[in-house]
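Colleague: build me a model:
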Amino acid sequence: MLKRTRRTLWIVAAVLLVLAAAIYLRFKAPPEAARLLPESDGIVYVNLRPLRAVLKKKPVVRAPEYQTFVDATGIDWERDLDEVAVSLHRMSNPNGPNGPVAYSMVLEGKVDGKRLASYLDAHSAGKENYDGQTVYSLPSEGRTVRVVQIGYDMIAISNAPSTEQIHSILDRHRSAALPFSGSTLLAEHYSEMPLLSVAWGMGQIGLPFSESGKLRILGMDLPLAADTTFLASVHWAGSLKLRVVEIAPTEAAAISQANNLNLLLNLAQGATAGLADSPANNTLKEVLRTTQITQHRDRVTADATLPQNLPVELLNGGDGGDGANSGAASGSGSEATPGAKP
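Modeller: Okay, the predicted model is just below:
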């Protein structure tokens with residue numbers, strides 16, 4: 001009897017250990033939406049769930065195309081979107097239909113699959129069956145946007161020139177239960193993302209902001225190449241923190257970059273000191289005031305404290321913009337999102 005009891009206890013302990021290990025791996029694993037993304041030059045992820053409870057409900061006037069999409073599908077991205085994961089694909093010809101960057105994305109939220117399929121059937125120029133899934137092709141300004149529903153709460157979209165990226169998302173979906181599946185970029189850098197990050201990016205995430213091979217932010221040229229590798233996050237650590245890490249090619253380059261960025265930060269702090277009081281100006285000044293730039297080996301890190309109400313202000317129209325502007329932005333924000341201009 002005693003041996004049987006001990007055996008039972010050992011079995012229970014082993015099961016609990018396996019469950020604990022599985023929970024730990026899931027906790028440390030990248031979000032599923034990000035794990036499904038194909039190989040890429042950069043990844044950006046945003047979790048909108050933490051903001052749902054604090055968003056103000058404002059009447060909006062939607063763009064006509066977006067209102068048609070909402071009426072047909074029952075999907076309102078402002079209300080129903082929970083997570084967004086986007087991969088950036090650098091284009092060899094920046095003057096082509098995609099510009100310098102093509103996008104693939106996975107959207108997670110509330111989806112009415114039947115109504116969405118009817119909408120895509122009505123608006124697509126063609127479709128293919130891949131691994132039992134219907135991939136819809138929508139023409140848009142000289143390029144093709146491919147859309148597929150990959151689960152009851154997930155949609156995959158890509159405006160890349162070939163089918164490779166959308167097929168890769170479907171292939172990864174088959175192994176999505178593996179906690180550390182995902183792209184090479186995700187495997188290399190996700191462990192460096194701070195805990196409690198509501199938004200993060202990695203890789204060449206500056207590509208969409210590049211002009212003539214240089215990065216421009218807030219109208220300023222940064223002393224950084226467009227293909228610089230960054231790790232960026234917005235996370236909670238007693239307050240809302242922004243961290244951007246540049247991975248320089250050498251330690252000497254990192255030292256030089258840190259000096260250049262500190263000089264640029266001082267100039268920006270001086271240039272904004274005299275700005276009139278307004279929510280937007282005060283936020284900018286506070287971010288610049290709290291920014292610290294440090295260097296360690298080949299890493300240059302910029303840390304700043306964000307106003308706690310900043311994400312809410314942004315999602316509710318910034319510094320008091322009216323509902324019409326907010327609604328219009330929702331209808332035309334993402335190039336590759338159904339209901340917007342793909």
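
Colleague: show the backbone phi and psi for the nearest residue to residue 248 once chain neighbours are set aside.
Modeller: Nearest residue to residue 248, sequence neighbours excluded (C-beta to C-beta, 6 or more residues apart in numbering): residue 254, at 3.8 Å. Any C-beta I mention is one placed from the backbone N, CA and C, and that applies to glycine too. Backbone torsions for residue 254, taken as degrees, to the nearest 10, come to phi -60, psi -40.

Colleague: what about residue 254, neighbour count?
Modeller: Counted with other C-beta atoms under 10 Å, the neighbours of residue 254 add up to 20.

Colleague: how close does it get to residue 301?
Modeller: Going from residue 254 to residue 301 by C-beta to C-beta, to the nearest Å gives 10 Å.

Colleague: and for those two, which residues touch both?
Modeller: 246, 295 (C-beta atoms under 8 Å, 6 or more residues apart in numbering).

Colleague: quick one: the strands in the stretch 201-342 of the chain?
Modeller: Remark: strands assigned in the stretch 201-342 of the chain by DSSP state E, counting those that start in this stretch are 210-211, 214-217, 220-225, 229-236, 240-247, 292-296, 299-305.

Colleague: what pLDDT, on average, does stretch 259-266 get?
Modeller: Mean per-residue pLDDT for stretch 259-266: 93.

Colleague: need the contact partners of it.
Modeller: The contact list for stretch 259-266, computed with C-beta under 8 Å, 6+ apart, reads 220, 222, 223, 288, 291, 293, 300, 302.

Colleague: so what sits opposite the last one in the bridge?
Modeller: Read that as residue 302. Counting by DSSP bridges, residue 302 forms beta bridges with residue 244, residue 293.

Colleague: list the contacts for residue 287?
Modeller: Residues in contact with residue 287 (C-beta under 8 Å, 6+ apart) are 242, 304, 305, 306, 307.

Colleague: just name the shakiest helix or strand of the protein by mean pLDDT.
Modeller: helix 323-332 (a mean of 37; mean pLDDT, DSSP states H and E).

Colleague: quick revisit: got a winner among the contacts of stretch 259-266 for most neighbours?
Modeller: Neighbour tally across those (other C-beta under 10 Å): the maximum, 27 neighbours, falls on residue 300.

Colleague: what's the local residue count around the residue nearest to it when sequence neighbours are not counted?
Modeller: Leaving aside its sequence neighbours, residue 300 sits nearest to residue 246 (C-beta to C-beta, 6+ apart; 4.3 Å). Each residue near residue 246 was counted by other C-beta under 10 Å, and the total is 24.

Colleague: for residue 96, see how far away residue 246 is.
Modeller: Distance, residue 246 to residue 96, by C-beta to C-beta: 28 Å.

Colleague: kind regards, and thank you for your time.
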